[in-house]
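Visitor: Fold the following and give me the result.
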Amino acid sequence: MKPKLRWICLACATALVALHGCKDEKGGAAGPHALPVGVVTIGQADVPMVYEFVGETESSQEVEIRARVSGFLEQRVYTEGSMVHAGDVLFRMDAKPFKAALDAAQAELRQQKARLQTAQANLNRVKPLAAKNALSQKDLDDATGQQQAAAAAFEQARANVTSAELNLGYTTITSPVDGLSSFAKKQDGSYIDATNSLLTYVAKLDPMRVNFSLSENEFLQFRNQTKSGVLKTPAKGGLDVQILLADGSAYQTHGKISFSDAALNSETGTYLIRADFANPEGVLRPGQFVRVKIRGARLSGAISVPQVAVQQGDRGAYVWTVDKDGKAAQRVIESSGWNDTAWIVRSGLHAGDRVVVDNIVKLAPGMPLSPHPATAAEQGADIARAGSTGAAQ
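Guide: Residues are numbered from 1 along each chain as shown. Okay, here's the model as predicted:
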């Protein structure tokens, strides 16, 4: 009987196990496992702001090289596109006509000098004779007038010599600044006059300017936030400016804002802002498009979330949060920008909310979660700088 009883007990146990399994499938006595996720608890803090714009580089001094006299262009001396220094010869014009004009002016000067000497000698003889009434007053007046006319003619001749010397010097065209030369706009043998006097450009590379624009809305928002104390800015000249080149690399030297236009551009609706950058190695060239990042301002009492937590959906940007029941909940947010490590949230989140930063792709609304403090690797950024503190409630 014992073996038979043993088999009966085994059959009963098997039936109970099967019945328990059926109950799980129908009634759900055992729920799904909670998904472990890393979370950060959102808090309000002074958050460093990063403003980003599109800018264009510009030479701090771009000089037009023009011919100052009319004549034939004899020779281009410099190499197009090369670096030139102040005083380097760039072009030579045919100097022969100007040399001849100088010779003529010098001859005229010598002639007028001789006439002046004769008139002066005549006046010196007339004066004592007129004083003794040996000559009339008219004779004295005539001699005085001749001497003064000769002196004026001499000064005119001397000025003509100076003008001729200048014109001869203008046939040698030099660079007034150190900088990068452009291509020659006129070729050897061309006739140059006032209508086509532009020969080339020389652009100074150090320092280099970067121009960018601030929209009217951005300007008003910046001013209002500063006035209300929400935005804390450093003293004048304290904002740090960084630029990123077209390949995404950061330019090694940071700059400072040197100019902001007082008037709104009526065509673009923007304010011009300019920053200066040291450029001793000539890495920056005029006309480059760059991304401008401005740091130094801090937003008071701001809420921020790590960049990795923000997703995009049909309703815009959203994050996953852990609700009071420990389940996943989607929360739509409105952002007012980001600061390289975190999004600044204008609405949608409050201090104390727990935001998920890990296992986001596995989440679904209402899913049970097992939160734990997010590590730096899970957050994907330095959250300490973003103003958030990781914690599990």
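
Visitor: going forward, measure contacts and count neighbours with C-alpha atoms only.
Guide: OK.

Visitor: Where does pLDDT dip in this structure?
Guide: Judged by pLDDT under 70, the chain has its weakly predicted residues at 1-32, 378-393.

Visitor: top helix in it by residue count?
Guide: helix 96-131 (DSSP state H).

Visitor: What helices and strands are in contact with that helix?
Guide: helix 137-170 (3 or more CA pairs under 8 Å, 6 or more residues apart in numbering; DSSP states H and E).

Visitor: which residues sit against the following helix or strand past the helix it packs on?
Guide: Downstream of helix 137-170, the next assigned helix or strand under DSSP states H and E is strand 172-174. By CA atoms under 8 Å, 6 or more residues apart in numbering, the residues outside strand 172-174 that reach it are 65, 67, 86-93.

Visitor: Likewise for stretch 356-364?
Guide: 36-40, 306, 308-309, 319-322, 328-329, 374, 378-379.

Visitor: Give me the buried positions along that stretch.
Guide: Buried residues in stretch 356-364, counting neighbours by 16 or more other CA atoms under 10 Å, are found at 356-358, 360, 363.

Visitor: Which of those residues fall in helices?
Guide: Reading helices off the buried residues of stretch 356-364, I find no matches (DSSP H).

Visitor: quick one: which of those residues is nearest to Arg209?
Guide: Of all the buried residues of stretch 356-364, the one sitting nearest Arg209 is Val357; the distance, using CA to CA, is 40.4 Å.

Visitor: Tell me how far the nearest residue to the closest one once chain neighbours are set aside lies from Thr341.
Guide: Closest residue to Val357 apart from its sequence neighbours, by CA to CA, 6 or more residues apart in numbering: Ala309 at 4.8 Å. Counting by CA to CA, to the nearest Å, the gap from Ala309 to Thr341 is 11 Å.

Visitor: Name the nearest residue to Lys99, ignoring sequence neighbours.
Guide: Leu168 (6.3 Å).

Visitor: One more: Leu109?
Guide: In space, Leu109 is closest to Ala157, 4.7 Å off (CA to CA, 6+ apart).

Visitor: Quick check: the one you found touching Glu108?
Guide: Yes - between Ala157 and Glu108 a contact is recorded at 6.1 Å, counting by CA atoms under 8 Å.

Visitor: From one end of stretch 74-84 to the other, what's the distance?
Guide: First-to-last residue span, stretch 74-84, CA to CA: 20 Å.

Visitor: contacts for that stretch?
Guide: Taking CA under 8 Å, 6+ apart as the rule, stretch 74-84 contacts 89-94, 175, 177-184, 187-189.

Visitor: Pretty sure Val355 sits against Thr321.
Guide: Yes - counting by CA under 8 Å, Val355 touches Thr321, with 4.4 Å between them.

Visitor: tell me the phi and psi of Leu35?
Guide: phi -80, psi 120 (degrees, to the nearest 10).

Visitor: Revised request: answer the last question for Ser260.
Guide: Dihedral angles for Ser260 - degrees, to the nearest 10 - are phi -140, psi 130.

Visitor: so which strand or helix has Pro207?
Guide: Residue-wise, Pro207 maps onto strand 198-215 under DSSP H and E.

Visitor: quick one: strands adjacent to that strand?
Guide: Sheet pairing of strand 198-215 (DSSP bridges) gives strand 44-66 (antiparallel), strand 179-181 (antiparallel), strand 270-277 (antiparallel).

Visitor: per-domain residue ranges of the chain.
Guide: 35-47+301-386, 51-59+206-299, 68-94+171-196, 95-169 (automatic domain parsing).

Visitor: Which of Val355 and Thr321 has more residues huddled nearby?
Guide: Val355 (30 against 24; other CA atoms under 10 Å).
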